[in-house]
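Trainee: My questions concern the predicted model and sequence given below.
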Amino acid sequence: MSNNDKTKFIEDNSNHITNIDRVLENIKSEIMTDIIHSDQIDAIIIMNKVALPLSLQMIEKYIKSTNYIEAEDIEVSCLP
C-alpha cells in the first residue's frame, strides 16, 4: 500500500469503521471495529474479538470495494 493511499484510508477511518461494523452487523456477527491505525507500512484494523473466517471475508470484501486499496495489497489477516 502506498503511503498516499494509506494516509487517505486512515483520514477517513471513522467512515470505514462505521461501514465495516454495518457489514458485520448484516451477517449477525458479534465482532466490531475498535480502531483503525497505521504503522510504517500498513493500515491495521483492530477488532473487539477474534474474527471468524466469514467476518474476515466480509471485511476484506469491504476494503477491496474502497478506492484506496488495491486487492493485491490486502494481506491475509492474522493474530498478533
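Mentor: Looks like it came in fine.

Trainee: Tell me the spacing between the residue of the chain most remote from its centre and Ser38.
Mentor: Most distant from the centre of the chain: Lys28, at 17.4 Å, with distances by CA atoms, centre = their mean. Lys28 sits 30 Å away from Ser38, going by CB to CB, to the nearest Å. For the C-beta atoms, the positions are set from N, CA and C on the backbone; glycine is no exception.

Trainee: Would you state the strands of this protein in chain order?
Mentor: 33-38, 43-47 (DSSP state E).

Trainee: Compare these and report which one is nearest to Tyr68.
Mentor: strand 43-47 (8.5 Å; CB to CB).

Trainee: Could you give the average pLDDT over stretch 55-72?
Mentor: Mean per-residue pLDDT for stretch 55-72: 83.

Trainee: CA atoms only for stretch 16-28 - export them in PDB, please.
Mentor: The C-alpha trace of stretch 16-28 is given here as PDB (Å, rounded to 0.1, in the frame of the first residue of the first chain):
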ATOM      1  CA  HIS A  16     -14.600   3.000   7.400                       C
ATOM      2  CA  ILE A  17     -15.300   1.900  11.000                       C
ATOM      3  CA  THR A  18     -19.000   2.600  10.600                       C
ATOM      4  CA  ASN A  19     -19.200   0.800   7.300                       C
ATOM      5  CA  ILE A  20     -17.200  -2.300   8.400                       C
ATOM      6  CA  ASP A  21     -19.400  -2.500  11.500                       C
ATOM      7  CA  ARG A  22     -22.600  -2.300   9.400                       C
ATOM      8  CA  VAL A  23     -21.300  -5.100   7.100                       C
ATOM      9  CA  LEU A  24     -20.600  -7.200  10.200                       C
ATOM     10  CA  GLU A  25     -23.900  -6.400  11.700                       C
ATOM     11  CA  ASN A  26     -25.600  -7.500   8.500                       C
ATOM     12  CA  ILE A  27     -24.100 -11.000   8.900                       C
ATOM     13  CA  LYS A  28     -25.100 -11.100  12.500                       C
END
